[in-house]
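Undergrad: Test case, fold it:
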Amino acid sequence: MATLGWYSEGMKRYFLVWAAGVFFASLPATAQHGITAQPDAFVRNLYHEVVARHPRDIPKGADWKIFVPYLSKGLLHRVDLARACSADRDRKSPDPQLTAGIVSNYGLFSGEGVEAAPQAFQIEKTEPEKDGSVRVYVSLTWEKPPQRSWTWRVAAVVLKENSHFVIDEVIHLDDHIYDREEDRRDKRLSDYLSAGCNGPRWGGHALPSQPEALVRSLYAQVVARRPVGIPWGRGLEGFFAISQQVTASQD
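TA: The predicted model follows:
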């Protein structure tokens, strides 16, 4: 009888584990990743979606529903402000198709140009921050033979809200080699979302009116962005704003 009792308890435990596995597998992906126990596994789930979907600018429709559960309340608020600012910019722009084309080349979670369409990724490491958040470092790769492959890095800032992990920021890391560390210019998703905006209103890129100061502003952008070929995304928008200022000064 003791043997039967042990067998019965073993079968009960096996059934409970099996039932829990079936229940978890039946959950939608958005519910599953909320239960993920580790920040790196959570970020891995996110970048599986990024590689599969290549979200550009602020996603819409079904793609947006996929990414919403990954984002913190603060980041969602910044996205809402960016949407309102973008709509205000389109109303004020003399050529909405141009500005729409500019922002469509930027991937929120990966970068601009070819970086908006990564084909593979790898989680490198996690680092806890003093404020309780965790930085998860991700290397991303784009490749299109015969062109050389391109690899770059981002850091996803992860924190907890209501006992679930969420992304509060994405930092596009500047891995160039500098003589002075203070010359390094990492780019943040929050800066992209708020570029040219005053809250929900489009204010444009404020540029100096004096020629010397204008040229200084231009080359500050060149040093910070290091444009190769024709710039993409927000990089192009920054230089486009400067060219508009120069054209206006000649009229």
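Undergrad: Please name the nearest non-neighbouring residue to residue 88.
TA: residue 202 (4.3 Å; CB to CB, 6 or more residues apart in numbering). Any C-beta I mention is one placed from the backbone N, CA and C, and that applies to glycine too.
Undergrad: contacting residues around the one you found?
TA: Neighbouring residues of residue 202 by CB atoms under 8 Å, 6 or more residues apart in numbering: 85, 86, 88, 89, 92, 196.
Undergrad: how near is it to residue 75?
TA: 20 Å (CB to CB, to the nearest Å).
Undergrad: same thing with residue 156?
TA: Residue 156 sits 11 Å away from residue 75, going by CB to CB.
Undergrad: For the stretch 151-251 of the chain, give me the ranges with low pLDDT.
TA: 205-251 (pLDDT under 70).
Undergrad: where along it do the helices fall?
TA: Secondary structure of the stretch 151-251 of the chain by DSSP state H, counting those that start in this stretch: the helices cover 189-194, 211-225, 233-250.
Undergrad: The shortest one packs against which elements?
TA: Going back to what we said before, that points to helix 189-194. helix 73-92, strand 164-172 (3 or more CB pairs under 8 Å, 6 or more residues apart in numbering; DSSP states H and E).
Undergrad: For it, output the C-alpha coordinates as PDB.
TA: Taking Å, rounded to 0.1, in the frame of the first residue of the first chain, the C-alpha atoms of helix 189-194 are listed here in PDB:
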ATOM      1  CA  LEU A 189      14.600  56.400 -27.800                       C
ATOM      2  CA  SER A 190      13.100  59.100 -25.600                       C
ATOM      3  CA  ASP A 191      15.200  61.700 -27.300                       C
ATOM      4  CA  TYR A 192      14.000  60.400 -30.700                       C
ATOM      5  CA  LEU A 193      10.400  60.600 -29.600                       C
ATOM      6  CA  SER A 194      10.700  64.100 -28.400                       C
END
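Undergrad: what's residue 143 in contact with, if anything?
TA: By CB under 8 Å, 6+ apart, the neighbours of residue 143 are 119, 120, 149, 150.
Undergrad: per-residue pLDDT, it?
TA: For residue 143, the model assigns a pLDDT of 87.
Undergrad: And residue 89, by the same measure?
TA: 81.
Undergrad: about what we covered before: now for the helices and strands packed on helix 189-194, which one comes closest to residue 50?
TA: strand 164-172 (10.0 Å; CB to CB).
Undergrad: got the angle between the closest one and helix 73-92?
TA: 50 degrees (axes from the mean of the first three to the mean of the last three CA atoms, to 10 degrees).
Undergrad: Show me what strand 164-172 is packed up against.
TA: Checking 3+ CB pairs under 8 Å, 6+ apart, strand 164-172 ends up next to helix 29-35, helix 39-53, helix 73-92, strand 150-161, strand 187-188, helix 189-194.
Undergrad: If you count neighbours, what's buried in the fourth one?
TA: Along strand 150-161, the positions that meet the burial threshold by neighbour count (16 or more other CB atoms under 10 Å) are 152, 153, 154, 155, 156, 157, 158, 159.
Undergrad: what stretches of the stretch 1-150 of the chain score poorly on pLDDT?
TA: 1-37, 94-105.
Undergrad: From residue 70, how far out is residue 43?
TA: In terms of CB to CB, residue 43 sits 9 Å off from residue 70.
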